[in-house]
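Visitor: Everything below, folded, please.
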Amino acid sequence: MKKATHNSIFILLFLIIFGCGKENNKQDISGKMENVYTSDYGVTPKGDSIKKYTLSNKNGMKVEVINFGGIITSLTAPDRNGKYEDVVLGFTKPEGYFDGNPYYFGALIGRYGNRIANAKFTLDGKTYEINKNDGPNSLHGGKEGFHTRFWNIEVVKDAKFPTLKLSYTSADGEEGYPGKLTTTVFYTLTDDNALEISYEAETDKPTVVNLTQHSYFNLSGNFTKTITDHELQINADHFLPVNETLIPTGEQKAVKGTPFDFTVSKPIGKDISADDDQLKKGKGYDHNWILNGKGLRSIAKVYHQGTGRLMEVFTDEPGVQFYSGNFLDGKFDTKTGGKNEFRTGFCLETQHFPDSPNQPSFPSTELKPGQKYQSKTIYKFSVKK
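Guide: Numbers count the residues shown, from 1 in each chain. Predicted coordinates:
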């Protein structure tokens with residue numbers, strides 16, 4: 001009996017030690033597989049096979065990214081009842097993204113986010129003419145900016161949270177910009193329901209860089225509803241007035257006493273139809289706010305009372321372009337039925353100021369060889385009950 005008991009104990013200990021080890025390995029492998037899932041998405045007119053990468057966290061939040069334009073095609077967030085719904089606008093078919101993506105839905109924007117006046121700038125005494133795709137101006141890097149490019153995507157295996165590394169090399173002269181620009185972007189989904197976006201870039205010639213992300217949000221989860229009932233707060237005491245083609249005039253105007261005052265949270269629609277020259281020029285809000293503070297800090301909050309969803313934005317950039325979806329025109333179907341109509345989505349594009357290469361008083365966007373462009377933005381989602 002004693003011998004049998006000793007053998008039984010030995011066998012039991014062996015199974016516990018080695019069995020648990022195997023079980024833990026299975027859990028680790030399974031966890032990694034579940035946190036990043038890759039699938040086929042479509043084929044571009046140029047013949048590039050596009051993949052979709054789905055990141056998920058322990059709470060059930062998911063972010064879907066494709067290697068065309070670095071586009072976020074879906075991002076879910078919980079409501080006050082714990083229901084996760086997609087909160088970013090996008091096309092119902094891959095062709096919508098491949099056919100120019102006129103609204104820049106979900107895309108990485110480069111080389112230069114926002115507008116450059118008259119599609120030209122001077123750097124080190126030399127004038128560069130870039131692609132003119134927004135009236136007389138250049139917008140979001142030109143007709144074939146980063147939002148139309150094939151990005152190489154790798155899953156970062158040793159990251160604490162599900163992370164994608166996106167990389168793209170822009171050739172010297174692409175869209176008229178000088179220098180070969182090597183760009184890397186990291187998308188990380190954390191367990192506190194935050195999407196972290198980290199940007200890096202290096203060049204072999206002096207150039208200008210202003211990278212951003214162009215997701216349109218609608219926290220209601222119903223993309224046929226307007227975003228005018230969303231309550232917005234922006235940590236900025238000044239904004240940049242614009243001319244008729246939406247280029248900053250150079251003035252840095254105080255928001256106090258204007259429809260542009262979001263220092264205290266208010267519905268987006270409260271003042272959007274005010275008799276204001278700047279609102280008329282933008283057909284609503286399409287302006288850059290000069291953010292208070294420096295370094296990575298909280299710069300904006302958006303709350304949707306109907307669902308309880310709260311989105312907080314953090315960035316180390318000096319500005320944010322708040323765009324109230326004024327040029328959405330109902331031409332395309334939404335992911336929840338109906339059409340992407342006027343003001344059914346908003347953007348908070350963290351960035352340097354528009355037209356900085358032509359306005360010396362603005363923070364510089366010049367990047368020189370040997371320097372590294374670095375920037376970080378976080379979109380964090382929670383519930384306010």
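
Visitor: need the contact list for residue 353.
Guide: 114, 240, 248, 288, 290, 318, 319, 359, 362, 363 (CB atoms under 8 Å, 6 or more residues apart in numbering). For glycine as for every other residue, the C-beta is placed from the backbone atoms N, C-alpha and C.

Visitor: What sits closest to the last one if chain neighbours are left out?
Guide: Which is residue 363. Nearest non-adjacent residue to residue 363, counting by CB to CB, 6 or more residues apart in numbering: residue 318, 5.0 Å away.

Visitor: and what of residue 137?
Guide: Once flanking residues are discounted, residue 137 sits nearest to residue 115: 4.8 Å by CB to CB, 6+ apart.

Visitor: residues in contact with that neighbour?
Guide: 134, 137, 138, 139, 245, 246, 247, 354, 355.

Visitor: Was I right to think the residue nearest to residue 363 contacts residue 290?
Guide: Yes - Residue 318 is within contact range of residue 290, at 6.9 Å (criterion: CB atoms under 8 Å).

Visitor: Can you pull out the low-pLDDT segments for this structure?
Guide: Low-confidence segments of the chain (pLDDT under 70): 1-34.

Visitor: Quick one: the helices in this protein, in order.
Guide: 2-35, 94-98, 277-282 (DSSP state H).

Visitor: Just the CA trace of the shortest one, in CSV.
Guide: As requested, the backbone C-alpha atoms of helix 94-98 are provided in CSV (Å, rounded to 0.1, in the frame of the first residue of the first chain):
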residue,chain,number,x,y,z
PRO,A,94,-13.7,47.3,-50.1
GLU,A,95,-14.0,49.2,-53.4
GLY,A,96,-15.1,52.3,-51.6
TYR,A,97,-11.6,52.6,-50.0
PHE,A,98,-9.8,51.5,-53.1
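
Visitor: Check which residues of it are buried.
Guide: 94, 96, 97, 98 (16 or more other CB atoms under 10 Å).

Visitor: now the second one: how far from residue 102?
Guide: Taking CB to CB, to the nearest Å as the measure, residue 96 and residue 102 are separated by 9 Å.

Visitor: next one: residue 348
Guide: In this view, residue 348 and residue 102 are 20 Å apart by CB to CB.

Visitor: The two: which is more packed in?
Guide: Taking neighbours as other CB atoms under 10 Å, residue 348 and residue 102 compare with residue 348 leading, 24 against 11.

Visitor: these two touch, right, the more buried one and residue 301?
Guide: No - proximity of residue 348 to residue 301 does not meet the contact threshold set by CB under 8 Å, at 10.0 Å.
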